[in-house]
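*Asks:* sequence first, then the predicted structure, then my questions.
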Amino acid sequence: MFGIAAARRLDDEMPAIGLLLNAVAIEEAIRRGLSTYELGHGTHGYKYQYGAADRELHYLVIERRGQAATDVFNRRSICGAALFARTCLADGQISPAVKALEQIETASVNFTHS
């Protein structure tokens, strides 16, 4: 399993929601019999509260070249793309939101029922 949570108010006396979220997710991973729960990159102190151990991670980035992004957008991803666009807009990130909405528009225009 993989978990990621970000942002909290340091002056808030309530328990950090991200810590609680990870704790519940780790409990669920254990219940399912999983042996690994990935807390993502970085050496933030909170990770060691869960018993994290350092290990070397490698990343692979694959980028499509020579095709417009609209050529490969899957219509089944429309809900996820809409949520991504909404989040980007809420964060003031206009450019990625516009790109997501353009892909939704193209996928919707080209949609045919089979």
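*Replies:* Nice, I can see it.
*Asks:* please, where are all the helices along the protein?
*Replies:* For the chain, helices defined by DSSP state H occupy the ranges 17-31, 45-49, 78-90, 94-109.
*Asks:* could I get those as TSV with mean pLDDT?
*Replies:* What follows is those, written out as TSV (pLDDT from 0 to 100):
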stretch	mean pLDDT
helix 17-31	87
helix 45-49	83
helix 78-90	88
helix 94-109	83
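*Asks:* indicate which one of the ones you listed is closest to Leu57.
*Replies:* helix 45-49 (12.8 Å; C-beta to C-beta). Where C-beta positions appear, they are placed from N, C-alpha and C, glycine not excepted.
*Asks:* now do that closest one: which elements does it pack against?
*Replies:* helix 17-31 (3 or more C-beta pairs under 8 Å, 6 or more residues apart in numbering; DSSP states H and E).
*Asks:* next one: the helix it packs on to chain centre, how far?
*Replies:* With C-alpha atoms, centre = their mean, to the nearest Å as the basis, helix 17-31 stands 16 Å off its chain's centre.
*Asks:* now that helix - C-alpha only, PDB.
*Replies:* This file holds the C-alpha atoms of helix 17-31, laid out as PDB (Å, rounded to 0.1, in the frame of the first residue of the first chain):
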ATOM      1  CA  ILE A  17      -5.100  14.300  10.500                       C
ATOM      2  CA  GLY A  18      -2.300  13.000   8.200                       C
ATOM      3  CA  LEU A  19      -0.800  11.000  11.100                       C
ATOM      4  CA  LEU A  20      -4.200   9.500  11.900                       C
ATOM      5  CA  LEU A  21      -4.900   8.800   8.300                       C
ATOM      6  CA  ASN A  22      -1.600   6.900   7.900                       C
ATOM      7  CA  ALA A  23      -2.200   5.000  11.200                       C
ATOM      8  CA  VAL A  24      -5.600   3.800  10.100                       C
ATOM      9  CA  ALA A  25      -4.200   2.900   6.600                       C
ATOM     10  CA  ILE A  26      -1.300   1.000   8.200                       C
ATOM     11  CA  GLU A  27      -3.800  -0.900  10.400                       C
ATOM     12  CA  GLU A  28      -5.800  -1.800   7.300                       C
ATOM     13  CA  ALA A  29      -2.700  -2.900   5.400                       C
ATOM     14  CA  ILE A  30      -1.800  -5.200   8.400                       C
ATOM     15  CA  ARG A  31      -5.400  -6.500   8.400                       C
END
